[in-house]
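*Asks:* Need coordinates for the below:
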Amino acid sequence: MPDSTRTSLEQSREGSLKPVIDAIPAALYENPTWRGLGYFARDLAIYAGVIVALVFVTNPLLVVPLEVVLVLAVTALFVVGHDAAHGALFNSKRKNVVIGKIAMLPSWHVYAAWVLGHNRIHHAFTVRQGYDFVWHPVTPAEFEQKSAVAKLLHRVEWSWPGAGLYYLKEVWWHKMIAFSPPARWAKAIRRDRVLVASFVVAFALGMATLGYARTHSPYGALWLVGRVEVLPFLGFMVMIGSVVHVHHVQRDIRWWKRSEWTKFRGQMEGTTVLRVPKGLNFFFHWIMIHTPHHVDMRIPMYNLEKAAKAIETAFPNTVHDEVWRFGDFRRATKACKLYDFDTGTWLTYAEASARVTGAPI
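*Replies:* Next up, the predicted model:
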């Protein structure tokens, strides 16, 4: 084994990400303005076009597929905003902020709160106990102390149909809308909350006016608001909750105690590369190629596949790289309910019960 390779592996075992970052070609950090604007303009055009279609289309056979496309368009815009929030979409900080805020409006996300929670906490402490709040597991002892209602809610949120509810409550509501930010972030978050609220209200009023003008009915007005604004938002909650879950929760993805966690363990071993059908990347923008994004969030979304290849070549048999299947997601939600930090293992409710009480939970 060459000395340089031995040094990289030794550094990695000590927790350093530097050897991994060094394996990524410098060209993969290039982010020309025209390319970022191109993705943003394309996704915005699709989003606006589907909304126009939904204003005029009432046939359920057409409304349903249009709703699906609208959820995907919201998702695509969100990923563009997510890239901007990381400073990866443009070289200009101002362009990233402006485009990022606009791109996150359809998903009702507060840009500054997202930067704080996602960039500064989730990325900095991925799968670290007590720090990373995204799908942070509950121990068997903690579960036993919950009320009957709280246990039921946990069972719902940690099932595959409940992933959207989890994200809506734990991430969007508690970490973006109804929380007291640190003083340093309070002004920016308050300003962006006002921006999101203004967009939601103005959009709803505009659609309600159009709906009433077309149907001469308050119900028609409310239904138009529901199908162009509320349903896509809820659909996006399901989409992003499911996507974030598969990025960081699997039987063989370990969460670490604070003293045992390292950057290498968190970003290289606590993330996934999931291969989706190529057509989906038209909307997903390669966000499922998640490991290189966690190794260095400065890599623009359209270079993540090449970055993953470079990382896996330099560090074989390290990255969780597999074809994404819905069945795998469903099985993971069945197997990964609670967590034992002492042994580093995911548990089902039944397995956890045997360790705590010796009887089914």
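*Asks:* Show me the longest helix that occurs in this protein.
*Replies:* In terms of residue count, the longest helix belonging to the chain (DSSP state H) is helix 183-215.
*Asks:* Return the set of buried residues in that one.
*Replies:* For helix 183-215, burial by neighbour count (16 or more other C-beta atoms under 10 Å) applies to 188-189, 192-193, 195-196, 199-200, 203-204, 207-208, 210-212. To be clear about C-beta, it is placed using only N, CA and C from the backbone, and glycine gets the same treatment.
*Asks:* Likewise for stretch 272-280?
*Replies:* Counting neighbours by 16+ other C-beta under 10 Å, stretch 272-280 gives 272-274, 276 as buried.
*Asks:* what do you get for stretch 98-114?
*Replies:* So, applying 16+ other C-beta under 10 Å, buried residues of stretch 98-114: 99-114.
*Asks:* Which single one of the residues you listed is nearest to P232?
*Replies:* P232 has its nearest neighbour among those in P106, at 7.1 Å by C-beta to C-beta.
*Asks:* how far away is that closest one from K278?
*Replies:* Counting by C-beta to C-beta, to the nearest Å, the separation of P106 from K278 is 24 Å.
*Asks:* Please, where are all the strands along this protein?
*Replies:* Secondary structure of the chain by DSSP state E: the strands cover 272-275, 320-323, 338-340, 345-347.
*Asks:* now those strands in CSV, with mean pLDDT and distance to L66?
*Replies:* Listed next are these as CSV, based on pLDDT from 0 to 100; distance: least, C-beta to C-beta, whole Å:
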stretch, mean pLDDT, distance to L66
strand 272-275, 96, 27
strand 320-323, 94, 29
strand 338-340, 96, 40
strand 345-347, 96, 38
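*Asks:* Single out the most deeply packed of those.
*Replies:* Among those, strand 338-340 has the highest mean neighbour count (mean count of other C-beta atoms under 10 Å), at a mean of 22.
*Asks:* Neighbouring strands of it in the sheet, and parallel or not?
*Replies:* Pairing partners of strand 338-340, with direction, according to DSSP bridges: strand 345-347 (antiparallel).
*Asks:* can you list contacts of stretch 255-263?
*Replies:* The contact list for stretch 255-263, computed with C-beta atoms under 8 Å, 6 or more residues apart in numbering, reads 14-17, 125, 127-131, 136-137, 265-266, 270, 339, 341, 344.
*Asks:* now do 10 Å
*Replies:* Contacts with stretch 255-263, where a contact means C-beta atoms under 10 Å, 6 or more residues apart in numbering, come from 12-18, 20, 124-132, 135-137, 248-249, 254, 265-266, 268-270, 294-295, 339-342, 344-346.
*Asks:* and the gap between A48 and N91?
*Replies:* A48 sits 27 Å away from N91, going by C-beta to C-beta.
*Asks:* do A352 as well
*Replies:* Distance from A352 to N91, by C-beta to C-beta: 48 Å.
*Asks:* Among those two, which residue is more densely surrounded?
*Replies:* Comparing A352 with N91 by other C-beta atoms under 10 Å, the one with more neighbours is A352, at 22 against 14.
*Asks:* Next up, the contacts around that one.
*Replies:* For A352, the contact set (C-beta under 10 Å, 6+ apart) comprises 138-141, 143-144, 337-340, 346, 361.
*Asks:* go on, L54?
*Replies:* Contacts for L54 were tallied using C-beta under 10 Å, 6+ apart; they are 62-63, 66-67, 69-70, 207, 224, 227-229, 231-232.
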